[in-house]
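> prediction below, plus the sequence it came from.
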Amino acid sequence: MRIAASLIALLVLGMAMPAQAQTVGQVPGSGPKLGQLEIKAYQAIPKTKTAVQLTSDTSLSRNLRRQVMIRLARRGNEVGFSGGNVMRMDVSYFDFSGGSGGGTIGGNPNYDGPAANPRPEFPRNRIEPRGGLSGSISPPTLRIVLTLYSTDGGKVLWAASSSCPTQAGTAESAGLAMIDTIFDEADKNRIADAGCPI
């Protein structure tokens, strides 16, 4: 009897999974092109308290989170590190250029300033074209993704994604320009120029 019940449960679960996958929407790889921003305002950013939480704790991400909190405060939001609605902030910097022969992923990136949390040195993984194929390698890129969730139920209220080509030494100023461009018209659905510094 237990075996039959287990088989039926697995069959029902197997039928439900494809239906659930269709409702989730596009996740990885989706987003604006390099140099663009995209805002999905399911509703205007509410004037309630907003906590800005980082997905990765680096000196760069902490400095840019401070700027997001300043922009939210200018809009009339009470901001903090906890309580109220939650805005998740993901700051990613990728450098695949590496000069001749490709770049690396890993190690401690050179944008980590002296105030960065100490962490062990990660191994560096070499990035090179496979099979001797040469192709264009993308420029160093800063990507910022902001997602605002409601406190009741975790519903996504607002989301913004932006990316710019930038060098490590100018990543913070590029991030500031991207944040300014996002919050210029934050309550409108739009795809636009990310405001990347030249």
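That came through fine.

> where does pLDDT dip in this structure?
Scanning the chain for pLDDT under 70 picks out 1-30, 97-137.

> now do the helices in it.
Ranges of helices in the chain, per DSSP state H, are 2-24, 59-74, 171-184.

> who are the packing partners of the second one?
Just to be clear, that refers to helix 59-74. Contacts defined by 3 or more CB pairs under 8 Å, 6 or more residues apart in numbering; DSSP states H and E place helix 59-74 against strand 50-54, strand 79-80, strand 85-94, helix 171-184. Every residue, glycine included, has its C-beta placed from N, CA and C.

> now render the ones you listed as CSV, adding mean neighbour count.
As requested, the helices and strands packed on helix 59-74 are exported to CSV (neighbours: other CB atoms under 10 Å):
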stretch, mean neighbour count
strand 50-54, 18
strand 79-80, 15
strand 85-94, 19
helix 171-184, 19
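
> quick check: which of those is nearest to residue 150?
Closest approach to residue 150 among those (CB to CB): strand 85-94, 5.7 Å.

> what angle sits between the closest one and helix 59-74?
For strand 85-94 against helix 59-74, the angle by axes from the mean of the first three to the mean of the last three CA atoms, to 10 degrees is 140 degrees.

> dump strand 85-94 to PDB, restricted to CA.
Written as PDB, here are the backbone C-alpha positions of strand 85-94 (Å, rounded to 0.1, in the frame of the first residue of the first chain):
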ATOM      1  CA  ASN A  85      10.300  45.800   2.900                       C
ATOM      2  CA  VAL A  86      13.500  44.200   1.800                       C
ATOM      3  CA  MET A  87      15.600  45.400  -1.200                       C
ATOM      4  CA  ARG A  88      18.100  42.700  -2.200                       C
ATOM      5  CA  MET A  89      21.200  44.200  -3.900                       C
ATOM      6  CA  ASP A  90      23.500  42.100  -6.000                       C
ATOM      7  CA  VAL A  91      26.800  43.800  -7.100                       C
ATOM      8  CA  SER A  92      29.000  41.800  -9.500                       C
ATOM      9  CA  TYR A  93      32.200  42.700 -11.200                       C
ATOM     10  CA  PHE A  94      33.600  40.500 -14.000                       C
END
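
> what lines up beside that strand in the sheet?
Here strand 85-94 is paired, per DSSP bridges, with strand 50-54 (parallel), strand 141-149 (antiparallel).

> of all the ones you listed, which one comes closest to residue 38?
Once the strands paired with strand 85-94 are compared by CB to CB, strand 141-149 is nearest, at 9.8 Å.

> one step back: now the helices and strands packed on helix 59-74 in JSON lines, please, with extra columns for distance to residue 65.
As requested, these are arranged in JSON lines below (distance: least, CB to CB, whole Å):
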{"stretch": "strand 50-54", "distance to residue 65": "5"}
{"stretch": "strand 79-80", "distance to residue 65": "10"}
{"stretch": "strand 85-94", "distance to residue 65": "6"}
{"stretch": "helix 171-184", "distance to residue 65": "10"}
